[in-house]
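Asker: the sequence and its predicted three-dimensional model are supplied below.
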Amino acid sequence: MTNPIQISDALTQLELAEAIRVSTREVFSTMLGLDPAPGEVFVEKGEAAPASGVVSIIGLAGAWVGSGSLSCSADFACKMASHFLQEEYSAVTEDVLDTVAEVTNMVVGNVKTQLENRLGPMWLSTPTVIYGRNFQTRGARNQEWTVVPFSVDQGRMCIQLCITPNPDAVERSSRPGFPIPRVLSL
Amino acid sequence: MPTVLDVLIVDDSAAIRKILQRVLRQTDIPVGEVYEAGDGAEALETLRKQKVGLVLSDINMPNMDGLEFLTHLRAEPAWQKLPVVMVSTEGTHAKVLEAVERGASGYVRKPFTADQIKEKLVGLI
């Protein structure tokens, strides 16, 4: 990404991408013993191309609103769980889906913490995990997603975030909806 | 240090409950039974049935979050001195302060290392 696209006066997409990089590397090195290498950041608008594998989505609300997600192949999700739980996983199980959800929670949660001092308080929803083949994800408001691809241990994953200032920010009452099912299988 | 310490782990992630249990077993603390709960309401129910000497709790959970759980817990005279360590992605000064004001005995931010958990517990137990 060559130009620092402005999300608002308070945040550029480059700054958001840097927060994603810092958070992802901290979570993966601390909890999984892996060192993910970030690739070229890009911006995605509207719906993503049809995908297969695992996607975990988490909502943000408060002074700013939006979503964050982690997407990867089923094989890479198994690899994550094997490192996280120190057990071997070769198929997508509840433990694997739960690992992807928790890693997303930590990555997006730490991006939120990095940004909160500048942007104001935000809250996280519990993550929802989607696992299947040939599905499509789409934001409801045609917003721009800042996408950071990572290569990790011969696998690949994308962490992406889409946040905008909340004109109707109301403390606590705008907390993202509970309860959200933790796992959805398609 | 007590002879055997029963522990309650409160987190909506089964994976994190599993990791915390493994970390606990790696410490010098003589851990006995480890009970698990997926949210604050379930944790209160467990505490009414089981006597434990330590609670590790997440904050962001469905149904009843960790802060509300703390408030209910500290309102009960029997649980006012029970050590409760919050283990959460919430890392701002304001959130840590809120947890402490509600009665948290300690705070560990996710992601955590086994040593960070051990260090926090050794000071408490």
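Answerer: That came through, no problem. Bear in mind the structure is a predicted one, so any value in this text is a computation, not a measurement.

Asker: wait, A:Ser23 sits on A:Asn110?
Answerer: Yes: when contacts are counted by CB atoms under 8 Å, A:Ser23 is listed as touching A:Asn110 (3.9 Å). To be clear about C-beta, it is placed using only N, CA and C from the backbone, and glycine gets the same treatment.

Asker: give the buried residues for the longest helix seen in chain A.
Answerer: Longest helix in chain A, counting residues (DSSP state H): helix A:94-119. Buried positions in helix A:94-119, judged by neighbour count with 16 or more other CB atoms under 10 Å in any protein chain shown: A:95-116, A:119.

Asker: nearest to chain A within chain B, name that residue for me.
Answerer: B:Thr89 (2.8 Å; CB to the nearest CB).

Asker: let me see the contact set for the nearest residue to that residue once chain neighbours are set aside.
Answerer: In space, and not counting its chain neighbours, B:Thr89 is closest to A:Gly109: 2.8 Å by CB to CB, 6 or more residues apart in numbering or on different chains. Going by CB atoms under 8 Å, 6 or more residues apart in numbering or on different chains, A:Gly109 touches A:Leu124, B:Asn60, B:Ser88, B:Thr89, B:Glu90, B:Gly91, B:Lys110.

Asker: possible to save those as CSV with distance to A:Pro38 and neighbour count?
Answerer: Listed next are the contacts of A:Gly109 as CSV, based on distance: CB to CB, whole Å; neighbours: other CB atoms under 10 Å in any protein chain shown:
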residue, distance to A:Pro38, neighbour count
A:Leu124, 22, 22
B:Asn60, 26, 23
B:Ser88, 26, 26
B:Thr89, 20, 24
B:Glu90, 25, 26
B:Gly91, 21, 16
B:Lys110, 21, 22
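
Asker: and which of those is nearest to B:Lys51?
Answerer: Closest to B:Lys51 out of these is B:Ser88 (24.9 Å), distances taken as CB to CB.

Asker: show me what that closest one bridges to in the sheet.
Answerer: In this entry, B:Ser88 is beta-bridged to B:Arg109, by DSSP bridges.

Asker: just want the most central residue of the chain.
Answerer: Unless you meant another one, I'm taking chain A. Nearest to the mean C-alpha position of chain A, counting by CA atoms, centre = their mean, stands A:Ser69 at 2.7 Å.

Asker: let's do chain B instead
Answerer: Closest-to-mean residue, chain B, CA atoms, centre = their mean: B:Leu56 / 1.4 Å.

Asker: can you tell me the SS state at that residue?
Answerer: Using DSSP: H, G, I helix; E, B strand; the rest coil, the three-state assignment for B:Leu56 comes out as strand.

Asker: ok so, going back, for the contacts of A:Gly109, point out the one with the lowest pLDDT.
Answerer: Minimum pLDDT across those is recorded for B:Gly91, with 84.

Asker: can you tell me the helix or strand for that residue?
Answerer: Assigned by DSSP states H and E, B:Gly91 belongs to no helix or strand.

Asker: and for A:Leu161?
Answerer: A:Leu161 belongs to strand A:155-165, assigned by DSSP H and E.

Asker: could you export that strand as CSV, CA atoms only?
Answerer: What follows is strand A:155-165 as a C-alpha-only set of coordinates in CSV (Å, rounded to 0.1, in the frame of the first residue of the first chain):
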residue,chain,number,x,y,z
GLY,A,155,0.9,-21.5,5.6
ARG,A,156,-1.0,-18.3,4.9
MET,A,157,-3.6,-16.3,6.7
CYS,A,158,-5.2,-12.9,6.4
ILE,A,159,-6.0,-10.5,9.3
GLN,A,160,-8.4,-7.7,8.2
LEU,A,161,-10.1,-4.9,10.0
CYS,A,162,-12.7,-2.4,9.1
ILE,A,163,-13.4,0.4,11.6
THR,A,164,-15.0,3.8,11.3
PRO,A,165,-15.8,6.6,13.8
